[in-house]
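Participant: one predicted model, sequence on top.
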Amino acid sequence: MEWKNFDQLESLRLFAETKPMDLKETLDSAAGATRVETCHVPMAAGLDYNYAAKAVDQKILLALVKLAEEAQLADKYRALYNGAMMNTGEQRLVLHQLTRGQLGDDVVVDGVNKRDFYRKEQERIADFANQVHRGQISNEKGEKFTSVVQIGIGGSDLGPRAMYLALEGWAKTNQSFQMDAHFISNVDPDDATAVLSGIDVAHAIFILVSKSGTTLETLTNQAFVMDALRKEGLEPARHMIAVTSETSPLAHSDDFLTAFYMDDFIGGRYSSTSGVGGAVLSLAFGPEIFDRFLQGAHAEDLLAKETDPMKNPDMLDALIGVYERNILGYPSTAVLPYSQALSRFPAHLQQLDMESNGKSVNRDGQPVDYPTGPVIFGEPGTNGQHSFYQLLHQGTDIIPLQFVGFKRSQRANDVTIEGSSSQQKLDANVAAQIVAFACGKEDENRNKNFKGGRPSSIIVGEELTPEALGALLAHFENKIMFQGFVWNLNSFDQEGVQLGKTLARKVLSGQTQGVLTAYSRLLGL
Ligand SMILES: O=P(O)(O)OC[C@H]1O[C@](O)(CO)[C@@H](O)[C@@H]1O
């Protein structure tokens, strides 16, 4: 396998020979409707990736296929899931796909079959969750736990929180809901206070989630919660479990009722399908629902093995993103789910993408001289339409858009007003926005003129089920991985978060000087 920097790829010259596609002209023509019917690739769990409104024609797609071949994307994915050392910065394997299924060879580390290890932890979590639901594991008074609170930050919060919110409505409608989940992440004392004051602490079970077991915010919030439990006359160890790595300081501690394990081969932002997401989702919805979520993710991972990018939705999405970032020079991407259940999905993708590919050195630590990961932001539609879409439609930057939409709502409750249901109004807005962005509208009044030519793709599904959510999550994880391969990055470390942490520790221990002292004073420290 060859690891070349992006700017060394010979197939890049193909783009110099192609002229950009005129998106507005193409979609406005008779070919527009045909593109919507033909420019799509099936994903897992009934989802479909449609790229009709992307500015890519046959010539550009052909060049992207050549780029994928030269960058050996399929080979690199195969190497990753077969246990190659892909996290070069930290010298670690990258095995999050193994938490949801076997994709290739057995991966054995220090005599441990990793797939067996992840599955065993999932079974332990399932067993624990079932005992909690049956009241066999209870509070000091023998009463059932009625809510679960996850304490964690970054990947130990964003993914699990986004997944919980994504399935809460579905579970309530489908008689799968077991207990409310809440999340404490920020070290701001107002976060923990607000959550604790909104729950019945005596009937709450807390999950402390930290892979490293050293994260300042999480350990502070653990102490905050333990203090609150003691003040209620409750024994913290009867109310708290941990999800951590076996080597962390939290492992094998008496502070917890029990602990579930992951390992260093699961990156925090890739950990939703490990115990990090598994404990809270199994407690909230039951282990069977978590298992269905894993099945959806695994099915998408299998699709990502396809070597032809035109049949591989994750790879194709990645390649079109690279084209927009590096050839067309677009600096950011908006993620726009038309689904209230996906309200925190853009926040999760922000970490997933920006912590993975926000790098300016390659996988060998050498500086790179080309743009890498874009800025990611987003909000659910239609709320975003009444917020930042003005800039998306008429601003000076072109920002590629990633829509997600479903034909059916989750909660089976809707009302028809003026001839259409709310779900129909929601979906009408997605269709309208895609066309408005791509085709625009001419107006003599320049203030009302829409240039169009603003590209988007859409992932469409019937309904946001556990399987569809798993497939959606895995799609983006795989897309980001493929982009990292094209840019020759290590997408699995995050050294960029360390400096701020070190300086904050200095401030707290009074070891500041110069401008750091000045800013500390400014904040009343
Ligand atoms: O699970 P941990 O070890 O507490 O880490 C939490 C988060 O902190 C980070 O390391 C960044 O600060 C993330 O990558 C990670 O998801």
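Facilitator: That came in fine, so what should we check first?
Participant: what about Leu103, distance to Lys120?
Facilitator: With distances taken as Cβ to Cβ, to the nearest Å, Leu103 is found 18 Å from Lys120. Every C-beta, even on glycine, is put in place using the N, C-alpha and C of the backbone.
Participant: now swap in Ser421 and tell me
Facilitator: From Ser421 to Lys120 the distance is 46 Å (Cβ to Cβ).
Participant: quick check: Thr333 touching Ile399?
Facilitator: Yes: contact criterion Cβ atoms under 8 Å: Thr333 and Ile399 qualify, at 6.8 Å.
Participant: up against the ligand, what does the stretch 101-250 of the chain have?
Facilitator: Residues of the stretch 101-250 of the chain lying close to the ligand by Cβ under 6 Å from any ligand atom are 153-156, 210-212, 215, 218.
Participant: with the chain instead?
Facilitator: Checking the chain against the ligand by Cβ under 6 Å from any ligand atom, the hits are 153-156, 210-212, 215, 218, 268-269, 355, 494, 497.
Participant: 5 Å - rerun?
Facilitator: By Cβ under 5 Å from any ligand atom, the residues of the chain that approach the ligand are 154-156, 210-212, 215, 218, 268, 494, 497.
Participant: top of those residues by neighbour count?
Facilitator: Counting neighbours by other Cβ atoms under 10 Å, the top entry in those is Ser156, with 30 neighbours.
Participant: show me what the residue nearest to that one when sequence neighbours are not counted bridges to in the sheet.
Facilitator: If the residues on either side of it in the chain are set aside, Ser156 comes closest to Val209, at 4.1 Å by Cβ to Cβ, 6 or more residues apart in numbering. Beta bridges link Val209 to Val243 when assigned by DSSP bridges.
Participant: tell me who's in contact with Val209.
Facilitator: Contacts here follow Cβ atoms under 8 Å, 6 or more residues apart in numbering; on that basis Val209 touches 150-152, 156-157, 160, 218, 242-244, 276, 279-280.
Participant: just these now: which is nearest Ala228?
Facilitator: The nearest member of the contacts of Val209 to Ala228, counting by Cβ to Cβ, is Ile151 at 11.5 Å.
Participant: tell me how many other residues crowd Thr146.
Facilitator: Counted with other Cβ under 10 Å, Thr146 comes out at 15.
Participant: how far away is it from Leu283?
Facilitator: 11 Å.
Participant: shared neighbours of those two, anything?
Facilitator: Jointly contacting Thr146 and Leu283 under the rule Cβ under 8 Å, 6+ apart are Met179.
Participant: A strand includes Ile458, no?
Facilitator: Yes: assessed by DSSP: H, G, I helix; E, B strand; the rest coil, Ile458 belongs to a strand.
Participant: can I assume it is in contact with Leu47?
Facilitator: No: Ile458 is beyond contact range of Leu47, at 10.3 Å (criterion: Cβ under 8 Å).
Participant: any chance you could map the strands in the stretch 151-300 of the chain?
Facilitator: Applying DSSP state E, counting those that start in this stretch to the stretch 151-300 of the chain gives strands spanning 180-184, 204-209, 240-245, 259-262.
Participant: domain ranges for the protein?
Facilitator: Here the chain is described, according to automatic domain parsing, as comprising the domains 21-82+304-487, 96-293, 497-525.
Participant: mind checking the SS state of the residue located most distally from the centre of the chain?
Facilitator: Note on the chain: the largest C-alpha distance from the chain mean falls to Glu444, namely 42.4 Å (Cα atoms, centre = their mean). Judged by three-state DSSP, the three-state class of Glu444 is coil.
Participant: tell me the most buried of the strands of the stretch 151-300 of the chain?
Facilitator: Among the strands of the stretch 151-300 of the chain, the stretch with the highest mean neighbour count (mean count of other Cβ atoms under 10 Å) is strand 204-209, at a mean of 26.
Participant: do you know the pLDDT at Lys231?
Facilitator: Note on Lys231: pLDDT of 96.
Participant: tell me what angle the strand or helix carrying Val149 forms with strand 204-209.
Facilitator: Secondary structure assigned from DSSP states H and E places Val149 in strand 147-151. On the basis of axes from the mean of the first three to the mean of the last three Cα atoms, to 10 degrees, strand 147-151 is oriented at 30 degrees to strand 204-209.
Participant: what segments of the stretch 201-350 of the chain are helices?
Facilitator: 216-231, 275-285, 287-303, 313-322, 345-357 (DSSP state H, counting those that start in this stretch).
Participant: again with the stretch 1-150 of the chain
Facilitator: 13-16, 23-28, 31-38, 58-70, 73-81, 114-134.
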